[in-house]
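Participant: No letters, just coordinates:
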């Protein structure tokens, strides 16, 4: 902003141009020097004393007119377009009626526009001392490179010059306003212009103006290291770039100025002439060509007003490319393939950036979807606006850039907040200190290195240190919970036949906090059962995929399963590593040693997937090397981690495993639907999980997702639980050393990544020492237990004390640096001398972070005025003021450099110590695994005790076909809820001597599945007696819901899940089917339910609960020996339409589904309920009569349709039309069941 004029009010008074033109012709005094302009062949000047037709001057007076070729044609202002007020107010704060209709800012100096200088008869000497009236003035332009022709006095419109030469342009330099000369004056070229120049000298530009011209260059003064170039050189560069921008702005934004009609047809000056004038002539009035072909000239005030307006527009929208956002490939949001991670910045925008802006946008254009924190503690542009909108942070402006200030010390706090809102967070750190930047530039200068971009080299170098996402968090301050935060990458390969019913999946699961990779590959069904199971087990926080690689069905399943907080990250086709590239990348990451190279050569030609990769690659990866989708998923994950700058620390842990989400044949399989329907990871997990260590809590979740199946393993765990219950002092011993331990599993990963502080590392060593001693103490105490489960587990824990001693032996006490000690002593002596010389109470002040501000002298604010004048004020508070002492800067600089060197040595030693620790990471992780398993056993023991009585240890029996027997079984939710004191228990018997399928009618409630899970988990169950054969899978079809994302109706969802049950169930499975057949007509639903029930009871042969409201099924299957009809007892009041659930499982058939009673409980109007009850009874009566009539008329109907199906199956089996089941157990059980069924519906044979 230009400085305010210092002239008095009288000197600011100006006369209107109209007053000059209203006078008669003036007589020129001989003492008055004449203005002269160098004459050329094609140029001449003329003095115009007339006016246009719009003036009130007498038309009869003679006037001189300039010839057509004259470059100067003075004219009087157009009164209709310019008011007198506007013309007489050149320094006022605003001009209501200017030619542009906008306010005119004040100029740097007042301009008197009274042009009656021709009538003045004062001698030249007097005019040198007194302020005369003048006809024309010159005001320096803000631009030094723009061409500005001379403007005649009194002109308000813009005129154009023709045929101006460089010589003429040179004479017009700095002349913003001038009088056109007469023909007589043309010949007087040799007269001096001294007096005229003296009169105009006081209108030269204020020296302070240059500061504003260089303001753009100083935008980054906080970010630029000190340069050896002088301030004047930098200022000159800035003025040049600033003026070129203003010149381009003026050439486009002045088309709305009024132009004289006579000037519209005048030709434009040639480029060559303009170039000559620009190179040799000083600044004059800015010339702008409008769209209409006319020309105009601006005064300095008008130019500043234009610049101010344009600056305001630029301030509101400094980066135009943000108005039309595109990705790096030019796609807009909403376009197919748009990549929200990148931003396109036009090449012309880079030329206008300051060095810091260029540094910022170089990082931001590659991470546009990431909130970037710069180490100085600031967010800029869109990131700043996000911070303002989400958390109401104060939004300010740093020159052109919006900015939000965030304390650097509070980065973890604010990063966690942004992550909680679902944003990615990036941290941009300084790659060097300001001191280091100065040292670098000095070193480069000494070596004679010249950078192509000098401005960039002056900026302190900054690099994107790390990008944080919810699925890739490692830092403990950002990990908000103890649960694993998984990032999942999925690659899908279509089936060979082109259908989606047998697509192949490759999945890489990563827990960044522990650096653990899990790889898996499988062929999945149309329901994506295995994929759903895996996702529900791990509950990912970030999902990584390649655009266009996933089928529509898979995308719909993912959208319905993944939590809303899960971050979806899409990669382009060119991103990530494909199969061959992934294999090559793995070979690069895990290079062979010399011995391994020889082994690899010997193994060539042996075949096998493991030979695809060298032995240096972890074994788990080598086993999966043949799986193309799995390798591509791993390759994409590695590529993504590299973009986040965390790949080396995580991959080098070599923690790779093969993960099977179903584990069929090894564990009790609980698929995704079962986990959701039974609420295992919600209600049951919260009831049973009582671990005290973070790693134990994560392990217990996986135990619950995959309970045991082998009888020996279950009994061993039950033995351990009983030992813990019987020895309460053992729990006290465990709690004593576990209390206060950090999350050791995550700490080991951080130490390997070298992101652990020294004090935290010492705490970790102390924690491992405590852990080792505690496990040894527990092992000694467990020697007296009846079982060897716990003692065997604890004896498998490694001895950590020897490893800890080796690390402690590497410790070195920091040696005192003599140079640092001498410099510190010198500075202490200096401040003592300052205290004596000044008599003030002085103290040293040091910043809390690094060596940036050290050894500043601090004193009280009241006595700050008494310090020596050579001291420079650095900062202050309300009570204290801090000063920099120039005389001490040399020893302070040496001290900083010495400390910097010492810190580098300490950092190198620390990293060497961390590397030594990481060499034994397998030992540390094995000890942590023992601790976690022991913690889970204690959790099972605590839950077993909390369920109260009756409770029992389940008895497991090996067998080929599943069965279960529970007496007085209760639901764990009822047992573990302290607010419930009374409950109803039930006896459940399925399989073995009893029917394997329970056909439930009427209202129902299931509790058997949770009892089975608790039993196979290895804990006591809430029953007086439990005896069962281990179950291999629990498969459910419960509830009525649709899946809009999967394009499936309620009925379609039921049939999809039913199909999965018929395909996957075995004689050792437990199936729960709830009200199959809804969502379609009554007869279709009844037919489907009956057919499925018959298939389960006759051919599939699992244990099953089949709940239905189709009462006719109880009659159709009354004969079947494998179906037991049962219902939940209720008490009914028909008059009041009241229903009481007794929750007691009894044999028989429910007399009704009590739909109208439930309607009454729901508050349906009584009149509607009564009408519905009448219709229901009439419908049941008609249906029963129709069935009886059909049986009486059709002899074949006397044999149920299902029985006819059994006969047809046996006939085809005997005729060889169909093959019996391949499984010998199922084959035997099917024939045994059919034989028993035939006996059920054939009349007994008389003797």
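Facilitator: Cool, got the structure. Computed from a predicted model, the values in this text were never measured in an experiment.

Participant: And the pLDDT at residue 793?
Facilitator: According to the predicted model, the pLDDT of residue 793 comes to 94.

Participant: Can you list the helices and strands that the helix or strand where it lies packs against?
Facilitator: Applying DSSP states H and E as the criterion places residue 793 in helix 789-795. Applying 3 or more CB pairs under 8 Å, 6 or more residues apart in numbering; DSSP states H and E, one finds that helix 789-795 contacts helix 711-726, helix 758-781, helix 921-946. Quick note: C-beta positions are derived from backbone N, CA and C, even for glycine.

Participant: Regarding this structure, what is its longest helix?
Facilitator: Criterion DSSP state H: the longest helix present in the chain is helix 889-919.

Participant: what residue ranges in the stretch 1101-1247 of the chain score low on pLDDT?
Facilitator: Residues of the stretch 1101-1247 of the chain meeting the criterion pLDDT under 70: 1136-1137, 1190-1199, 1241-1247.

Participant: let's see 50
Facilitator: 1246-1247 (pLDDT under 50).

Participant: Helices along that one, start to end?
Facilitator: Ranges of helices in the stretch 1101-1247 of the chain, per DSSP state H, counting those that start in this stretch, are 1112-1116, 1155-1161, 1166-1193, 1201-1215, 1224-1241.

Participant: can you pull out the helices in the stretch 401-550 of the chain?
Facilitator: Assigned by DSSP H, counting those that start in this stretch, the stretch 401-550 of the chain shows helices spanning 411-420, 434-447, 454-458, 529-538.

Participant: The residue lying closest to residue 1109 once chain neighbours are set aside: how many residues sit nearby?
Facilitator: Nearest residue to residue 1109, sequence neighbours excluded (CB to CB, 6 or more residues apart in numbering): residue 1153, at 4.5 Å. By the criterion of other CB atoms under 10 Å, residue 1153 has 17 neighbours.

Participant: Next: residue 888.
Facilitator: Applying other CB under 10 Å, we find 19 residues neighbouring residue 888.

Participant: likewise residue 1176?
Facilitator: The local packing of residue 1176 (other CB under 10 Å) involves 14 other residues.

Participant: ok, back up a step: what separation do you get for the residue nearest to residue 1109 and residue 775?
Facilitator: Computed as CB to CB, to the nearest Å, the residue 1153 to residue 775 distance reads 58 Å.

Participant: Surely the residue nearest to residue 1109 and residue 1110 touch.
Facilitator: No. Residue 1153 is beyond contact range of residue 1110, at 9.4 Å (criterion: CB atoms under 8 Å).

Participant: Save the helices of the stretch 1101-1247 of the chain as TSV, and put in distance to residue 396 too.
Facilitator: Written out in TSV, the entries for those read as follows (distance: least, CB to CB, whole Å):
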stretch	distance to residue 396
helix 1112-1116	73
helix 1155-1161	61
helix 1166-1193	64
helix 1201-1215	79
helix 1224-1241	75
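
Participant: For residue 464, find the nearest of the ones you listed.
Facilitator: With CB to CB as the measure, helix 1224-1241 is the member of those nearest residue 464 (59.9 Å).

Participant: tell me which strands and helices that closest one is in contact with?
Facilitator: helix 1201-1215.

Participant: List the buried residues in the helix it packs on.
Facilitator: Neighbour counts over helix 1201-1215 (16 or more other CB atoms under 10 Å) mark 1202-1203, 1206, 1209 as buried.

Participant: Residues in contact with it: which ones?
Facilitator: The contact list for helix 1201-1215 (CB atoms under 8 Å, 6 or more residues apart in numbering) reads 1090, 1094, 1098, 1116-1117, 1119-1120, 1196, 1218, 1220, 1234, 1237-1238, 1241.

Participant: Now list the buried members of those residues.
Facilitator: 1090, 1094, 1098, 1116-1117, 1119-1120, 1234, 1237, 1241.

Participant: give me every residue that touches residue 383.
Facilitator: Here residue 383 is in contact with 371-372, 404 (criterion: CB under 8 Å, 6+ apart).

Participant: What mean pLDDT does the helix or strand where it lies get?
Facilitator: Using DSSP H and E, residue 383 falls within helix 381-391. Helix 381-391 shows a mean pLDDT of 90.

Participant: tell me which residues in it are buried?
Facilitator: 381-384, 386-388.

Participant: Including distance to residue 827, could those residues go into JSON lines?
Facilitator: Formatted as JSON lines, these follow (distance: CB to CB, whole Å):
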{"residue": "381", "distance to residue 827": "42"}
{"residue": "382", "distance to residue 827": "46"}
{"residue": "383", "distance to residue 827": "41"}
{"residue": "384", "distance to residue 827": "40"}
{"residue": "386", "distance to residue 827": "45"}
{"residue": "387", "distance to residue 827": "41"}
{"residue": "388", "distance to residue 827": "43"}
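
Participant: Just give me the closest of the residues you listed to residue 1225.
Facilitator: Nearest to residue 1225 among those is residue 386, at 61.9 Å by CB to CB.

Participant: Could you check how far the closest one is from residue 855?
Facilitator: For residue 386, the distance to residue 855 equals 39 Å [CB to CB].

Participant: quick one: low-confidence ranges for the protein?
Facilitator: In the chain, residues with pLDDT under 50: 1-295, 602-607, 1246-1247.

Participant: wait, doesn't residue 1012 sit right on residue 964?
Facilitator: Yes. Between residue 1012 and residue 964 there is a contact under CB under 8 Å: 6.7 Å.

Participant: joint contacts of those two?
Facilitator: Joint contacts of residue 1012 and residue 964 (CB under 8 Å, 6+ apart) are 1028, 1031, 1070.

Participant: Now neighbour count, secondary structure and distance to residue 502 too, for those residues, in TSV please.
Facilitator: Putting these into TSV (neighbours: other CB atoms under 10 Å; DSSP: H, G, I helix; E, B strand; the rest coil; distance: CB to CB, whole Å) gives the following:
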residue	neighbour count	secondary structure	distance to residue 502
1028	26	strand	35
1031	24	coil	27
1070	26	strand	27
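
Participant: Okay then, goodbye and thanks.
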